Structures are given as structure tokens and as C-alpha cells.
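K.L.:
give me coordinates for this.
(2 chains)
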Amino acid sequence: MPRPTTARQPRIGLLVSIGLHAGLVAATFFTWSRLIEMPNNSHTVPVELVTIADETNVAAMAPPEPDKPEPDKLVQPDTQMTPPALPDFTEVQPPDPVAPDITIKEPPKPKPETQKSKTQDFAALLNKLTAAPKPAPNAKKGAQAITGIGNANAMTADLADALKSQIYRCWNPPVGAPNASDLVVDFHLALNPDGTVSGRPQLSSQSAMAANGNAYTRAASEAAMRAIYQCQPYRLPASRYGQWRDIDPLRFDPRDMMGQ
Amino acid sequence: MKNLSVAVLVLAALFVFPVTGPALAALQVDVTQGNAQPLPIAIPDFVASDPGQAAMGAQIAGVVRADLDRSGLFKSIDPRAFVERITNINVAPTFASWRAINAQGLAAGQVEVLSTGQIRVSFRLWDVFGESQMDGRILTTQPNDWRRIAHQISDFIYERVTGEKGYFDTRIVFISESGPALKRVKRLAVMDEDGANPIFLTRGEYMVLTPRFNPTAQMIAYMSYIDTKPRVYLFDLETGKQEMLGNFPNMTFSPRFSPDGNKVAITLENGGNSDIYVMDLRSHQMTRLTSDPAIDTAPSFSPDGRQIAFESDRGGSKQVYLMNADGSGQHRVSFGAGENGTPVWSPRGDLIAFTKQHGSHFTVGVMRFDGSGERMLTNAYHDEGPTWAPNGRVLMFNREAQNGRGSQIWSVDVTGRNERRVMTPGDASDPAWSPLLK
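P.N.:
Take a look at the predicted model:
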């Protein structure tokens, strides 16, 4: 009675073998697709070697549309105005002000707040620009460093490159200012799936501290913030949203441009 | 079946792995290149309640636009492109309509005439993309001083956006030139930084040279050939009085105030040898700083007053040297090609501007105070005599045309960009920039 046995064993072995191979092929296509794509997609050179010309080419494929007026969702001009109380020139005191002023509806924040009208004075309005931001919900803890090495960076080098190529044209770097090393600012930027900016980009705690103490750094951080807003929406592959949803740090470093 | 289970587990693991892998790490982006361009800013005519005041509102906005445009760091948007009309500066603007014309900043102002006859000018500077107010001020003055109000508003905007002090509410002292080349009339003159309000301080009977402001912009030191003897004089702008700085038997020239205004460094010629001295303006005591047989001249204090840059040909060619304010530690700092002179220390303290003579060409450049990082900012036939804006960002200098058509004042950014002519009444030379006016 050995025949049936011997005939059956190879058949099971064959089936298992076919199944495993099919599984591996499927896994290769569906599961490892990103890893396998990597060499093809990351034909873009590593971030630190990219030249402007390369970046311009990438941008040409996905041009931003700065001219397109966007619907103003964030701010409704409020009609509840009170007379302004501004510092008087004859007192030569810079603004240490003061009284209730223009009411502005806040842009949406990550954590929904109770909807109440906020009457803010000038100081409060200015503080919005300089106050140390709350850490974003998923912000990294502690000091951050760009290593430029490792799987995560290798896999996303093309994304970083594509984002840079879209944002650089909106960035007016503070060339001519002294102490360029003080002017490097880091943001945590969250993007919506359509490439628009989600919430308000947050300065890293280190950059926020520097901006509070140095008018040049403050100006540099505001120029970077304008660039982030102006160049949105960012054109990035929707299928890889998980990889570009959070950008941290988004660093603006003018040191290579000083003296130009 | 065992093999099958293992296969399933392996497959499951393969599917699960990428989800928990490094793909969720935040993307890191390092932007190192930008697009240095003037910041587009909208400055509508300042609003007013009656037509007379509206005319002044339009004039003030016009001066602010011209100031910021001239800096090269801003580009004012043509008011004809505006979508929204500002009628009340105490109402937040519709930011989308300013974004639509690519304005990144919006400065909205208004003019009122008070019962005292003074004008009160208010303005708010808005960040159009950040949708927040960046600055808001009220300035009050006599109607005649409306241009100063406009310059001060320009300074506020410039400082708030760039982080550095402005330089629009300043004056320029210079030598106004007229007449034929052989009988040139040179008069001491001052004007606003934008060329407005030129005033002649001397009548032109005597040749005048190298005027310099003191730190309060009230006093001018200059060299004049009164009685055919070249001497350094002081001119008090408030009283119009002139006095000779000391009474020396020989020529004195090349004056420059110390940062505290209490001293003047000058060059004294004696028997063909020129050396640098410092005079204390309170005690009139002179201290000799150099004693080299070569020509030492063109002293310029560092902003902290501790060092003096000067030019000397003691090494065989004219070069820039440094010394401590007491004359000790003299050493050469410029080693670039050609001859280098007329050093002027930047108010920021980081750079020294100088004139380089290379063959028959004179150009203006900057170097760090240790002589490194030499950069030429101009490239014309004959540029010389740089002077710094009080914020250390812009320089003016003297430009002479190759065909001898006379001399003009030009300005250039410290980056070497934005070279442009400064309008003067007729030919002009030897500009010196005042500090910010108080």
C-alpha cells in the first residue's frame, strides 16, 4: 500500500510549495512594494547633494500655484471694534500696549477649543508670533538632529526633495543679516492630505526661545512661516501621505546663502 | 499543515512589518536654498476724513513706499492692483484679498489733524499670510515734519520685518559741487536720506572736504581751506556756528568722531609727515597715536571705541592697519591686491569698508576686521569714500565718471546688491551718513 502514500506526499509538498511561492510573490508586490520601489523612486540624490537645478526640475513636475487666491476660511473680519490704543510717538516708548482691540477669530488648532470670541489686545496679537508654542501632539521629545542616514531618510529622501523644491521659491532668506548661525529655525509642520497646512506650524522650543530673544531670529522665523503658508498646497504623492503628514523638523538654514 | 501554518505566520509578519516600521517617522526636511527677493508689501494711501488730510495721507504713503523700495528688501505693490479699499484701519483687513495680489505685508495708516494743529498718524502692519498684526503705532508731530513721520514709519516696518534697525530717518552730509573743473565751488550741504530737504551750510568761498557727523547728528567735523590753510572745523547744525578744532601751525585733516562723541581723531601734518592724533573735545587735549615716518591717516573708531582702523603706507603701499585706541598694538590687516585705504568701521562692528585702488580703478569693498573675507561691492571706474548707514546694512560712496563729468553719490547693500544713485542737487561727493535721528 505504499503507492497512494507516495503519490499523495509529493502533491501536498507541491501545493505547499506553490502556496508559499505565491505568498512570497504577493508579499513582494503588496507588502514590500515600497521597499522595492525605493531604488527607483529615490533616483533623487540624497538631500545634502541636491542642487537647485535638480530641485527646480522636481518642482516643474509639481508647480505650486501661488497666484490662485484661496478661499479665506480662517478669518472672518469682526465688526466688534474698539478704538485702538497705540503707543504715541512723542513718548518714544515702543508698544507696551494695552487696551482691547481688534477681534480676530483664531485659526483652527489641533485641539478644538470652545468657540468663544476672543478679544485680544496688541500685546496678545504680538505674543502669538513670539510665544513659545505648545508642543504638537506627536512632536518629538528632546533635541533633534538630522542624520541623513537610515532607512526612514533613504525612503523619504525623494519626498523631502519634492517638498524643498516647492518651498524654497517662497522662502526669502535673511541674507545680509549678521550671525547667520542664529537664523536657523526649525518647525514642526503638519499637512492635510490635500497638501495644505494643517493648524499653525510650530517653532521648535529651541527656535522659539531664540526668536524671543533675538529680533533677527524672530524675523527669520516669520519669513519661514510666510514661505510655508505662501507655497501651499504642497504636491506630494497621495499614496504616501503617511510619510509626509508630519514634517519635523522642517529646517530653514540660510547659512549657505549668506553674503550672496 | 505545520508548514502551512508557518507560511501563514511568515506572510502575516511580512504584512505587519511595514506598518510598524520606520515609515511613520516624521519627515525631516532641511531647506538651505531660498529665493532672495524683495518682500511684496501693500501700502495704501493713508486714510483721512477730509480731502486736505487725504492729500497728506497719500504723500506719507508715497514716501514710505519709496523708502522701502529703495532698500531693495521690499517691493511696494502698485495701489492700482489693490482689491480691497482700506477705509478704516481699526477693522481687520480681508487677508484673502491681499493674498490675491501676492502681498505678504500690509501697512494701513490714517492721518488726523488735532485741535492743537498737530497731525496724528497711526498705522498697523499686518502679516498677510500669518493673519496677524505685526506692529501698530501712533506718531504725532507738526504738519511740516510729515516727511520725518513717513521715514519713521518706514523704519518701524523695516525693523519689524527684517529684525534690524532702519535707516530712513537719517540725514546725509556731503560736499555739493558746481562750476567748471578748474574753478570748482564746493559747499557743505545736508539733506534727508532720500535726498529731500537739501540745505547748504557754507557759501562756497572756501573749499570743504571730508565732512563727518557726530553721534548725535548735531555736529559736523570737516576740513576747510579757510585762509588757504587746510584745517579741521566743527559746524554746529543747531546754532550754525563754526569753530576751528584746535589751532595748529600745520595742516589738519581727515576728522572722525569717537562713538561717544567726546573725541575726534584727526591727522596732523608736520614737516611732511602725517600722523594720527586724538583730541578730547572737553579738555582740548591732544594725544599722539602714531609716530611712523610714513603717512598715517583716515582714522575710524570701532563701535565700542576700543580700536581705530587707519591707512598707512609704512609697508611700501597704502594699506589698512588697526591699533588700540591708545595707539598700541599697530598692525596691518589688509593684504589683498592693490592699495587699500579709507577704512570705515561698520556700526555693527563686524566689517570694515574700504577703498581699493587697483591700477587706475577705485572700488569699494568690505573685509572683516582681521582683514579676512575681503569682498568688493562695486565694480565701476572710480568709487571711493564709503560711509555706513547706522544699521551697518547699506553704504554710500562717491562715484566719479571716467569722462570727468563730475561726481555723484551712490549707495549699495552690504551684500553688493541694489546699487543705485542717491539724488542730490547737482554734483556731490564725500557723503557721510548720520546716526538715526532722535
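
K.L.:
need phi/psi at B:S49.
P.N.:
Main-chain dihedrals, B:S49, degrees, to the nearest 10: phi -90, psi -20.

K.L.:
quick check: it touching B:R120?
P.N.:
No. If you go by Cβ atoms under 8 Å, B:S49 and B:R120 don't touch, sitting 11.8 Å apart. In short, each C-beta sits where N, CA and C put it, glycine included.

K.L.:
between these two, which one's more packed in?
P.N.:
The residue with more neighbours, out of B:S49 and B:R120, is B:R120; 18 against 12, by other Cβ atoms under 10 Å in any protein chain shown.

K.L.:
give me the common contacts of B:S49 and B:R120.
P.N.:
B:E112 (Cβ atoms under 8 Å, 6 or more residues apart in numbering or on different chains).

K.L.:
neighbours of B:G62, how many?
P.N.:
Around B:G62 there are 16 residues (other Cβ under 10 Å).

K.L.:
dump the residue contacts of it.
P.N.:
Counting by Cβ under 8 Å, 6+ apart, B:G62 has contacts B:D45.

K.L.:
that one belongs to a helix?
P.N.:
Yes. Counting by DSSP: H, G, I helix; E, B strand; the rest coil, B:G62 is part of a helix.

K.L.:
and it, what's its pLDDT?
P.N.:
Per-residue pLDDT puts B:G62 at 98.

K.L.:
where does the chain have low pLDDT?
P.N.:
I went with chain A, as the question did not name one. A:1-10, A:23, A:25-154, A:181, A:258-260 (pLDDT under 70).

K.L.:
actually chain B
P.N.:
For chain B, the ranges with pLDDT under 70 are B:1-24.

K.L.:
what residue is smack in the middle of it?
P.N.:
B:A389 (2.0 Å; Cα atoms, centre = their mean).

K.L.:
mind listing what the spatially closest residue to that residue that is not a sequence neighbour touches?
P.N.:
Using Cβ to Cβ, 6 or more residues apart in numbering or on different chains and skipping the chain neighbours, the partner closest in space to B:A389 is B:Y167 (3.9 Å). By Cβ under 8 Å, 6+ apart, B:Y167 lies in contact with B:D155, B:Y158, B:E193, B:A389, B:P390, B:N391, B:R393, B:V394, B:W433, B:L436.

K.L.:
again, only this time at 7 Å
P.N.:
B:E193, B:A389, B:P390, B:N391, B:V394, B:L436 (Cβ atoms under 7 Å, 6 or more residues apart in numbering or on different chains).

K.L.:
returning to what we had before: so how far is B:D155 from the residue nearest to the centre of chain B?
P.N.:
B:A389 sits 11 Å away from B:D155, going by Cβ to Cβ, to the nearest Å.

K.L.:
and for B:M56?
P.N.:
19 Å.

K.L.:
with B:F82 instead?
P.N.:
Taking Cβ to Cβ, one finds B:F82 at 24 Å from B:D155.

K.L.:
also B:W146?
P.N.:
Taking Cβ to Cβ as the measure, B:W146 and B:D155 are separated by 15 Å.

K.L.:
which one is B:A150 nearest to, not counting chain neighbours?
P.N.:
B:V63 (3.6 Å).

K.L.:
ok, the one you found - contacts?
P.N.:
Applying Cβ under 7 Å, 6+ apart, we find B:V63 in contact with B:R147, B:A150, B:H151.

K.L.:
surely A:S221 meets A:A211?
P.N.:
Yes. Taking contacts as Cβ atoms under 7 Å, A:S221 lies within contact range of A:A211: 4.6 Å.

K.L.:
so which of the two has more stuff around it?
P.N.:
A:S221 (27 against 24).

K.L.:
coming back round to it: same list, the contacts of B:V63, but as TSV with secondary structure please.
P.N.:
Below are the contacts of B:V63 laid out as TSV (three-state DSSP):
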residue	secondary structure
B:R147	helix
B:A150	helix
B:H151	helix
